[in-house]
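Engineer: A predicted structure for the sequence below; I have some questions about it.
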Amino acid sequence: MSAATDRLAMVEAPDEAGRLRLRKSAGAFRTISEVADELHIPQHVLRFWETKFPQVKPLKRGGGRRYYRPDDIALLRRISDLLYTQGYTIKGVQRLLQEGGGRLADDIPPPTESERLAAEAERAGDEAPQMQLLMQEVPVAPARKASEVERLRAALVYALGELEALRAMVG
């Protein structure tokens, strides 16, 4: 069997009830809906990641239908782990990919405290609300002071990360 037909091959595998069902082989290409289901990530997030991580390059067929290779899926799974489990930011994962020559090492250390706080700020929303926090004075009740301080700290860490990225671009 050639490599091309192997990617498209279907194999028989038992389902939960023990009946034989056709399933794609491990080397088969997957559609965006199959990848989204497998990784528990919405399709729009996968499309967004394609814009942020040029290493993710699914094949695109007529009508823009995407077909992900097994290597693409492995990279997406690793990106998901770094972003959602380990606490890296998108910029942090981009940096790791750049340092690794387009690959992610298996022994990546946990993110630094500032990276983790920046990731929290990133997940809290886009940069506009974070920058608004930096630009305005926020009246804080004593009971809420600790959470406000943490939120402002995360916004500052995010801004610092943006400045460091800009310095790296011009330097």
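Structural biologist: Ah, there it is.
Engineer: all contacts plus neighbour counts: C-alpha atoms, from now on.
Structural biologist: Noted.
Engineer: tell me, how many residues neighbour P58?
Structural biologist: 21 (other CA atoms under 10 Å).
Engineer: phi, psi for it please.
Structural biologist: When read as degrees, to the nearest 10, the backbone of P58 gives phi -70, psi 150.
Engineer: okay, and the beta partners of the closest residue to it other than its chain neighbours?
Structural biologist: Distance criterion CA to CA, 6 or more residues apart in numbering; nearest residue to P58, sequence neighbours excluded, is Y68 at 4.6 Å. For Y68, the beta-bridge partners are R30 (DSSP bridges).
Engineer: just checking, Y68 touches R61?
Structural biologist: No - here Y68 does not reach R61: they are 11.2 Å apart, not a contact under CA atoms under 8 Å.
Engineer: so for those two, which sits in the more crowded spot?
Structural biologist: Y68 (21 against 9).
Engineer: which residues touch that one?
Structural biologist: 29-32, 35, 57-59 (CA atoms under 8 Å, 6 or more residues apart in numbering).
Engineer: in PyMOL, how would I select just the buried ones from these?
Structural biologist: Filtering the contacts of Y68 down to the buried ones (16 or more other CA atoms under 10 Å) takes a single PyMOL command:
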select buried, resi 29+30+31+32+35+58
